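Visitor: Let's see this in three dimensions:
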Amino acid sequence: MPDGWKVRAATEGGVRVLPPKMEDRERSGVAVRVWRERLRGGGTALERLANRYRKAQGVREAAISTRLDRKAGRLVLEYREGAYVQNGLWILRQHLKVIQQDGKQAVVAECVANASEYHRYRRAFADLCLGMVVRPPAAKS
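Guide: Numbers count the residues shown, from 1 in each chain. The predicted structure follows:
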């Protein structure tokens with residue numbers, strides 16, 4: 001964890017990781033979330049996801065980068081997505097998404113910031129999302 005960042009439970013499941021300053025969340029739109037989800041498609045699920053992100057879809061641009069490590073079961077995506085905000089302004093948000101296969105499930109880490117501010121968080125996002133290590137769930141006694 002980068003210095004000053006805090007982990008909180010996410011209402012949608014998983015955890016949120018909050019930056020040290022409220023300004024980072026408000027002005028830069030920083031959002032970091034880690035969750036577990038079921039993978040559909042078995043052994044080819046990550047490959048199909050990579051192919052889907054290579055093409056633009058709706059408000060999402062074609063991926064800037066897709067890195068699939070089949071042996072490790074890990075997919076790293078970088079892409080930009082647009083959205084209208086409250087005052088009708090179009091904002092581009094840049095995403096770094098890491099999907100680590102864990103059997104029939106995956107652990108997903110997503111780091112997002114406004115594209116114009118993304119460079120400020122690149123190092124923290126590398127620590128948070130690229131540095132993610134999946135450990136098997138603890139055995140219930």
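
Visitor: For the worst-scoring helix or strand of the chain on mean pLDDT, give me every contacting residue.
Guide: When the helices and strands of the chain are compared on mean pLDDT, DSSP states H and E, helix 22-26 comes out lowest with a mean of 80. With contacts defined as Cβ atoms under 8 Å, 6 or more residues apart in numbering, helix 22-26 is touched by 18, 19, 30, 31, 121. Every C-beta, even on glycine, is put in place using the N, C-alpha and C of the backbone.

Visitor: Helix or strand next in line after that helix, which one?
Guide: Using DSSP states H and E, the helix or strand that follows helix 22-26 in sequence is strand 31-38.

Visitor: shouldn't residue 62 be in contact with residue 56?
Guide: Yes - the criterion here is Cβ atoms under 8 Å, and residue 62 meets it with residue 56 at 4.6 Å.

Visitor: chain center to the least confident helix or strand of the chain, what's the gap?
Guide: 18 Å (Cα atoms, centre = their mean, to the nearest Å).

Visitor: And stretch 10-27, by the same measure?
Guide: Relative to the centre of its chain, stretch 10-27 is centred 13 Å away, using Cα atoms, centre = their mean.

Visitor: buried stuff in that stretch?
Guide: Neighbour-count burial for stretch 10-27 flags 14, 16, 17, 18, 19, 24 (criterion: 16 or more other Cβ atoms under 10 Å).

Visitor: Residues touching the lengthiest strand in the chain, excluding its own?
Guide: Scanning the chain for the strand with the most residues, using DSSP state E, yields strand 90-102. With Cβ under 8 Å, 6+ apart as the test, strand 90-102 has contacts from 29, 36, 39, 45-46, 49, 64, 72-85, 106-116, 118, 125, 129-130, 132, 134, 136.

Visitor: and those, which are buried?
Guide: Buried members of those, counted by 16+ other Cβ under 10 Å: 29, 39, 45-46, 49, 73-81, 106-115, 118, 125, 129, 132, 134.
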